[in-house]
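Q: Sequence and predicted structure are below.
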Amino acid sequence: LVSALAAMAEQPKLISRLFLTKSRNGQGFVKMKVCYMGRWKTIVVDDLVPCAPLWAPLFSRNIGHEPWVSLLEKMLAKHYGSYKALEDRGCKQFLYDLTACPVDRFYFEEPDVAKSLSSGQFFHLLRSYLKMKFLISAETRGKGEDAVHRGLGYSLVEVVETKGHRLMRFRDPWLVNDWSGGEWVEGSANWTDELKEEVNPVFSEDFFWLSFEEFTHHFIATCVAKVWPWQQASMKGKFVTSLDYKSPSSIFCSRYHYQIQVTTHSKVIIGIHQEDENLPFVKETRPYIDIGLALLTYSDGQYRLIAHTDAKIDREVFLDMELEPGEYLIVPFSVGLLLKPECFEHQPKLSDLSVNNPIFRSILRNVFEKADISSKGLILYPELQQIMQLIGLKVSQEEFELIYDKFGKRRLPSGPEGFSFEG
């Protein structure tokens, strides 16, 4: 989490837009937002954080007296059920949760990434990302006496290529950097007067410099959050099991396909999301399935496959494309291998169907999430009717109004959700 927040702190507006409460209030509550399954969710917490007796906060905190790090951590702990649950998450997930922008993670041991590193192409890719103001966090291997600490993330803030040198400047949010044996530390003979004048290197307790060769040797992965003022639209999807008309066997497929019309040359990122396994009792009752995306173009009366992702067992999968004007079809898919009955043999049995049962609450929340076809964050009358029909009950319009008068959220957001630095 600290690695993600440190990367976001390079653009302070990304932090401020998460706080819907902009100033302290007499009630002691703070309203914030987190991205959940592709759309923003509002969470309210009080402004008290766990502290050791006569000391500082027990968990994350920033230098100085500003509480935003502790408050964001508390908000995420409430979202995922506990502070302990945050330990199972990585920088990639936190960057997406807090920016709602696509995040790529490059593992240096993957063949394509390793080839890009050895050729130097990866250096130029990182430089282009920084020019677009994307957020970059790198994770260390943590090997060797002079290496930065294992498993920690450092924000890449500057990339310079000059006089045959490829140099990279990192921010150290941990203030535990022991890179005393690096080739480009302050005072190194490599920093000639001519090079200093051209690069104007910044040295301080929370910054350090590396060569690209040092970077590839001591780091293991890099996360890139593609922060951009995207125009975003989300739609509800559903995978179903249906009979194959050509054979007696059943198939597992997406109930919906999505058609888009592109009018000008556009950069498009398509994502598919499923419920986070780290939420309370989700993994025990609704574990991840493999998910993927295929993109087809339509012309001359035929659909042609132009791009696809692999089917991955992950929370979200993205397909990054540049599209020419035309008509396209987005097809979510899943191989469905994790839907075999033996995978569910050890799921907990429910005998306590009360709101005091946390597993039942988790399942009930999922039922209403799936029923929210309009993705507006509330259940409309036709959607509630469908839920009641599944259990053999009916609800009238008058009963629906009574329910909403007591419990409902009335305001409907309008139009596609757009990303902006202001909120």
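A: Yes, it's here.
Q: Moving C-terminal from the lowest-mean-pLDDT helix or strand in the chain, which element do we reach first?
A: Lowest by mean pLDDT, DSSP states H and E among the helices and strands of the chain is helix 358-371, with a mean of 68. Heading C-terminal from helix 358-371, the first helix or strand you meet, by DSSP states H and E, is helix 381-390.
Q: Show the average pLDDT along that next one.
A: Across helix 381-390, the average pLDDT comes to 76.
Q: buried sites along it?
A: Glu383, Leu384, Gln385 (16 or more other C-beta atoms under 10 Å). For the C-beta atoms, the positions are set from N, CA and C on the backbone; glycine is no exception.
Q: for Ala7, phi and psi?
A: phi -70, psi -40 (degrees, to the nearest 10).
Q: mind listing what it touches?
A: Applying C-beta atoms under 8 Å, 6 or more residues apart in numbering to Ala7 gives the contacts Cys91, Leu95, Leu135, Ile136, Ser137, Gly153, Ser155, Cys223, Ala225.
Q: repeat that for 10 Å
A: Residues near Ala7 by C-beta atoms under 10 Å, 6 or more residues apart in numbering: 14, 91, 94-95, 98-99, 134-138, 153-157, 171, 173, 223-225, 227.
Q: And Phe122, by the same measure?
A: By C-beta under 10 Å, 6+ apart, the contact set of Phe122 is Phe106, Phe108, Val113, Ala114, Lys115, Ser116, Phe212, Phe215, Thr216, Thr222.
Q: Provide the secondary structure category for it.
A: Classification of Phe122 by DSSP: H, G, I helix; E, B strand; the rest coil places it in helix.
Q: Distance check, it against Ser116.
A: 4 Å (C-beta to C-beta, to the nearest Å).
Q: Can you pull the residues that touch both of these two?
A: With C-beta under 10 Å, 6+ apart as the test, Phe122 and Ser116 both reach Phe106, Phe108.
Q: tell me the contacts of Thr21?
A: Counting by C-beta under 10 Å, 6+ apart, Thr21 touches Gln27, Phe29, Val30, Lys31, Met32, Val44, Val45, Asp47, Leu71.
Q: go with 7 Å
A: Val30, Lys31 (C-beta atoms under 7 Å, 6 or more residues apart in numbering).
Q: Number the chain from 502, please
A: Got it, first residue is 502 now, which makes that one Thr522.
Q: Okay, it and Pro568: tell me how far apart.
A: Thr522 sits 12 Å away from Pro568, going by C-beta to C-beta.
Q: Ok, Lys585 next?
A: Distance, Lys585 to Pro568, using C-beta to C-beta: 21 Å.
Q: Those two - which one has more neighbours?
A: For Lys585 and Pro568, the more surrounded residue by other C-beta atoms under 10 Å is Pro568, and the numbers stand at 16 against 9.
Q: State the distance from that one to Glu511.
A: As judged by C-beta to C-beta, Pro568 and Glu511 stand 20 Å apart.
Q: same deal with His718?
A: According to C-beta to C-beta, His718 and Glu511 sit 25 Å apart.
Q: Name the residue in these two with the higher neighbour count.
A: The neighbour comparison of His718 against Glu511 (other C-beta under 10 Å) goes to Glu511, with 17 against 14.
Q: list the contacts for the more buried one?
A: Leu636, Ser656, Val658.
Q: try Ile771
A: Ile771 makes contacts with Leu794, Leu796, Phe819, Leu820, Ile831, as judged by C-beta under 7 Å, 6+ apart.
Q: In strands only, show me these.
A: Leu794, Leu796, Phe819, Leu820, Ile831 (DSSP state E).
Q: is it possible to export the residues you listed to a markdown table including pLDDT?
A: Shown next, in a markdown table, are the ones in strands among the contacts of Ile771 (pLDDT from 0 to 100):
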| residue | pLDDT |
| --- | --- |
| Leu794 | 95 |
| Leu796 | 96 |
| Phe819 | 93 |
| Leu820 | 94 |
| Ile831 | 95 |
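Q: just the buried members of these?
A: For the ones in strands among the contacts of Ile771, buried by 16+ other C-beta under 10 Å: Leu794, Leu796, Phe819, Leu820, Ile831.
Q: Which of those residues sits closest to Ala507?
A: Ala507 has its nearest neighbour among these in Phe819, at 23.1 Å by C-beta to C-beta.
Q: got the contact list for the closest one?
A: Neighbour list for Phe819: Pro603, Ile770, Ile771, Gly772 [criterion: C-beta under 7 Å, 6+ apart].
Q: For the buried ones among those, write the corresponding PyMOL selection.
A: Here is the PyMOL command that picks out the buried ones among those, judged by 16+ other C-beta under 10 Å:
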select buried, resi 603+771+772
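Q: farthest-separated two in the contacts of Phe819?
A: Pro603 and Ile771 (9.4 Å).
Q: hey, where'd the strands end up in the stretch 502-651 of the chain?
A: 530-537, 540-547, 604-608, 636-641 (DSSP state E, counting those that start in this stretch).
Q: packing partners for the second one?
A: The contact analysis (3 or more C-beta pairs under 7 Å, 6 or more residues apart in numbering; DSSP states H and E) places strand 540-547 against strand 530-537, helix 569-581.
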